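>>> turn this into a model:
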Amino acid sequence: MKRLLAARNINWRQDGKEILKGIDFSLQPGEIVGLVGPNGSGKSSLIKILSFLLKPTSGKLAFRGIEIAGSAPLDLRRRIAVVFQEPLLLNATVFENVALGLKLRGTAKRDIRPAVEKWLDSLGILHLANRNARSLSGGEAQRVSLARAFVLRPEVLFLDEPFSSLDAPSKERLIEDVESFLHSTKTTALIVSHDFSDILRLAKRALVLIDGRIEAEGRPEELLMGSHSPCVEIFLAHWKK
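Numbers count the residues shown, from 1 in each chain. Next up is the predicted model:
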């Protein structure tokens, strides 16, 4: 099977500091992969590079076997969606926030409303459609961000710490919904978290990123059972108990 997304020997430096070091990564169509690691390990930087929001200092990126040099073309960027830890919502209604991407893609007006309402309803926030997005709680705002991503039917969805700012009940409900939607839509996804329990729930393969390097890779449950380098053992110790 041809890889959907591939990265080879990715390095990135910022302000003279080496953030990412020799990253090799691939993503198969329909695969859900988890990326975990302690704060400051480079997870958010890597997700920005893999989603073509940031250009690596060196290394190669390819999408569906085609190497992407320089800025990614608009057609490619429209096949990718990113949900960040802090929802980046416009000072507009929930409906307008979710509809924005479809409007930018030139979707026919008659098709926008049913698509937006479908995802607002699926995420349990249809009743908030006319509310200003800036007035929402953290959990509600994150659901708007997810609706805005899923409505675009992306080939690849990047989730950057989507649950970290939520209280326990909100987090549990949202994880259940995300798990259901990823499987029902067969969306290829990379989920970033510092909490390994999220990855155990959602991913079939996990990578442990520490100090800018991928130090371990495998099925999440196997990573907990295996023996690793000291830095990986320290990171996983909490979940091995």
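
>>> give me the contact list for the one helix or strand residue 44 maps to.
Assigned by DSSP states H and E, residue 44 belongs to helix 43-50. Contact partners of helix 43-50, identified using C-beta atoms under 8 Å, 6 or more residues apart in numbering, comprise 5, 7, 10, 12, 14, 19-20, 23, 25, 35-37, 54-56, 61, 82, 85, 158, 160-161, 190, 192, 194, 209. Placement of C-beta: from N, CA and C, glycine included.

>>> where do the strands sit along the protein?
5-14, 17-27, 32-36, 58-63, 66-67, 80-83, 156-160, 188-193, 205-210, 213-218 (DSSP state E).

>>> quick one: which of those is nearest residue 134?
When the strands of the chain are compared by C-beta to C-beta, strand 80-83 sits nearest residue 134, at 17.5 Å.

>>> send the alpha carbons of that closest one over as CSV?
Output in CSV follows, covering the C-alpha atoms of strand 80-83 (Å, rounded to 0.1, in the frame of the first residue of the first chain):
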residue,chain,number,x,y,z
ILE,A,80,-5.5,18.4,5.4
ALA,A,81,-7.1,19.7,8.5
VAL,A,82,-5.5,20.6,11.9
VAL,A,83,-7.2,21.0,15.3
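
>>> look up how far residue 194 lies from the nearest residue to residue 41 once chain neighbours are set aside.
The shortest distance from residue 41 to any residue other than its chain neighbours is 4.8 Å, reached at residue 209 (C-beta to C-beta, 6 or more residues apart in numbering). Residue 209 is 10 Å from residue 194, where distance means C-beta to C-beta, to the nearest Å.

>>> which of those two has more residues huddled nearby?
Per other C-beta atoms under 10 Å, whichever of residue 209 and residue 194 has more neighbours is residue 209, with 24 against 17.

>>> can you tell me which residues contact the more buried one?
35-37, 41-43, 46, 215.

>>> what's the closest of these to residue 171?
Closest to residue 171, out of all of the contacts of residue 209 and judged by C-beta to C-beta, is residue 36, at 15.9 Å.

>>> so the closest one makes contact with residue 191?
No - if you go by C-beta atoms under 8 Å, residue 36 and residue 191 don't touch, sitting 9.0 Å apart.

>>> mind listing what's buried in the biggest helix by length in the chain?
Of all the elements of type helix in the chain, the one with the most residues (DSSP state H) is helix 168-185. Of all the residues in helix 168-185, those buried under the rule 16 or more other C-beta atoms under 10 Å are 170-171, 174-175, 178, 181-182.

>>> likewise stretch 46-64?
Going by neighbour count (16+ other C-beta under 10 Å), the buried part of stretch 46-64 is 46-52, 56, 59, 61-63.
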